[in-house]
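Enquirer: can you look at this prediction? I've put the sequence above it.
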Amino acid sequence: MIRQCGGDRLVGDEVRALVQAVGESGGNPFLKAEHLDRGEQRFLASADLDDVAGGEEFVGHRLQPDGPECGKDGGMREVLVIGIGSGDPAQLTVQAIEAMGRADVFFVLDKGSATAEMVDLRRSICDRHVDGPYRMVAVADPVRDLSGPSYGDDVRSWHTQRAAVFEQLLIDELADDGCGAFLVWGDPSLYDSTLRVLDQVVAAAGRVAFRVRSVPGISAPQALAAAHGIALHGIGRPVHITTGRRLADDWPEGVAEVVVMLDGRLAFAQLDPAGIDIWWGAYLGMPDEILIAGPLAEVSEEIVAQRAAAKERKGWIFDTYLLRRSAVD
Ligand SMILES: C[S@@+](CC[C@H](N)C(=O)[O-])C[C@H]1O[C@@H](n2cnc3c(N)ncnc32)[C@H](O)[C@@H]1O
């Protein structure tokens, strides 16, 4: 058994070597870890709790992501980042349901009353798919302040605040061998910072060690394509995914199809609509789903009007769209 004396719990070959080395001198090793650089640490190990500082020194990686020691049986905290689909609870994959079954606690970032519906959806997904009682912990998401001169710096600073919140959650809510889950809207790989922020917590090598597993979900572009019954790109062609903020400067040469997410500024309405078709969807997979498609010149105004009315009615909106330029070969 590995005993801890401050610092992180270790996994992988380093531990095996360490246990062997210290074990040969008798007793269970007490460990002390000291952060050196990203992912690398200096370990001191001793059979004597009172003399860890005078123990043997090792340098190794703090985490081995796929090490056999990870997970509940290996006695290390595990964090599951589970994609839950874009709003339709039926989009949950079997893999996601199985992963949810392993979680001791579900973490929810509360972004205020406007998105209470999304918290409710997570609750109903847990009610439906988790056997027996479950624990859900909601914490206030740090407010995103994008008023600074640099968008990138503002987002990075927001991530740093989130990293502190995440770390505290893992310390407060997870046992040493506990398993916690973030239920991420859509898929964790697309416009979601959970993995990046957890990575930041790992890189900081702070007060808690854990491993992360990502479980894919149906993302908004997939839900959009399914709702309209289309493929996102022509035969053998690329599709570019971007945000409303970047669309105007970011339609690559030679690319016909662009998927736009996170568009609070109606970027499609700023384009010259000639030769562009749009497939637009709001609240995809949800009871309020709205779909509009057609030549941009003909449907742009209708989308703007419906979008504004829906946002007014519900207090929030999620919409995604595909633009296809016909002139590109
Ligand atoms: C913070 S991003 C999260 C994306 C998510 N991780 C995914 O894989 O779809 C939120 C954006 O995703 C898109 N989105 C998510 N769910 C949607 C839905 N049900 N209908 C339309 N768009 C959606 C919207 O563009 C929204 O602004």
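Expert: Thanks, I have the structure now. Computed from a predicted structure; not experimentally measured. Numbers count the residues shown, from 1 in each chain.
Enquirer: how about the residues of the stretch 1-150 of the chain near the ligand?
Expert: 86-87 (C-beta under 6 Å from any ligand atom). C-beta coordinates here come from the backbone N, C-alpha and C atoms, glycine included.
Enquirer: show me where the stretch 1-150 of the chain dips below the pLDDT cut-off.
Expert: By pLDDT under 70, the weakly predicted segments of the stretch 1-150 of the chain are 1-75, 113-114.
Enquirer: identify the bridge partners of the residue of the stretch 151-300 of the chain found nearest the ligand.
Expert: Distances between the stretch 151-300 of the chain and the ligand by C-beta to the nearest ligand atom are smallest at residue 186, namely 2.1 Å. Note on residue 186: beta-bridge partners by DSSP bridges are residue 85.
Enquirer: ranges for the helices of the stretch 151-300 of the chain?
Expert: 151-173, 194-204, 220-228, 244-247, 296-314 (DSSP state H, counting those that start in this stretch).
Enquirer: for the third one, which outside residues touch it?
Expert: Outside of helix 220-228, the residues that reach it under the criterion C-beta atoms under 8 Å, 6 or more residues apart in numbering are 85-88, 91, 186, 190, 231-232, 241, 259, 261, 279, 281, 284-285, 289, 291, 293, 318, 320-322.
Enquirer: and it, how far out from the chain's middle?
Expert: 20 Å (C-alpha atoms, centre = their mean, to the nearest Å).
Enquirer: ok, residue 122 - contacts?
Expert: Contacts of residue 122 (C-beta under 8 Å, 6+ apart): 84, 106, 108, 136, 183.
Enquirer: which secondary structure element is home to it?
Expert: Element membership for residue 122, per DSSP states H and E: helix 116-129.
Enquirer: then residue 95?
Expert: Element membership of residue 95 [criterion: DSSP H and E] is helix 94-102.
Enquirer: and that helix, what's buried?
Expert: 96, 99-100 (16 or more other C-beta atoms under 10 Å).
Enquirer: paired strands for the helix or strand following that helix, with orientation please.
Expert: Toward the C-terminus, helix 94-102 is succeeded by strand 105-110 as the next helix or strand (DSSP H and E). Partners of strand 105-110 in the sheet, by DSSP bridges, are strand 135-140 (parallel), strand 179-184 (parallel).
Enquirer: make JSON lines out of those strands and add mean neighbour count and distance to residue 115.
Expert: Converted to JSON lines, these look like this (neighbours: other C-beta atoms under 10 Å; distance: least, C-beta to C-beta, whole Å):
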{"stretch": "strand 135-140", "mean neighbour count": "14", "distance to residue 115": "11"}
{"stretch": "strand 179-184", "mean neighbour count": "26", "distance to residue 115": "13"}
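Enquirer: would JSON lines of these with distance to residue 165 be doable?
Expert: Below are those laid out as JSON lines (distance: least, C-beta to C-beta, whole Å):
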{"stretch": "strand 135-140", "distance to residue 165": "6"}
{"stretch": "strand 179-184", "distance to residue 165": "12"}
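Enquirer: which residues touch the residue nearest to residue 190 when sequence neighbours are not counted?
Expert: Spatial nearest neighbour of residue 190, excluding adjacent residues (C-beta to C-beta, 6 or more residues apart in numbering): residue 219 at 4.8 Å. Residue 219 is in contact with 83, 86, 186-187, 189-190, counting by C-beta under 8 Å, 6+ apart.
Enquirer: isn't residue 87 up against residue 285?
Expert: Yes. If you go by C-beta atoms under 8 Å, residue 87 and residue 285 touch, sitting 4.0 Å apart.
Enquirer: counting neighbours, what do you get for residue 150?
Expert: The tally of other residues near residue 150 (other C-beta atoms under 10 Å) stands at 10.
Enquirer: the one 4 residues further on too?
Expert: Other residues within reach of residue 154, judged by other C-beta under 10 Å, total 15.
Enquirer: just residue 146 next, same as before
Expert: 12.
Enquirer: mind telling me what element it is part of?
Expert: Going by DSSP H and E, residue 146 is not in any helix or strand.
Enquirer: what's the pLDDT at the nearest residue to it once chain neighbours are set aside?
Expert: Spatial nearest neighbour of residue 146, chain neighbours left out: residue 154 (4.7 Å); criterion: C-beta to C-beta, 6+ apart. Residue 154 carries a pLDDT score of 82 in this model.
Enquirer: repeat for residue 200
Expert: pLDDT, residue 200: 86.
Enquirer: residue 163 is in contact with that one, correct?
Expert: Yes. The criterion here is C-beta under 8 Å, and residue 200 meets it with residue 163 at 4.3 Å.
Enquirer: of the two, give the one with the bigger neighbour count.
Expert: Comparing residue 200 with residue 163 by other C-beta under 10 Å, the one with more neighbours is residue 163, at 22 against 19.
Enquirer: what's the pLDDT at the nearest residue to residue 274 once chain neighbours are set aside?
Expert: Of all residues not flanking residue 274 in the chain, residue 297 sits nearest, at 6.9 Å (C-beta to C-beta, 6+ apart). Looking at residue 297, its pLDDT stands at 98.
Enquirer: and the closest residue to residue 300 other than its chain neighbours, how far is that from residue 248?
Expert: In this structure, residue 300 finds its nearest non-sequential neighbour in residue 269, 5.4 Å apart by C-beta to C-beta, 6+ apart. In this view, residue 269 and residue 248 are 11 Å apart by C-beta to C-beta, to the nearest Å.
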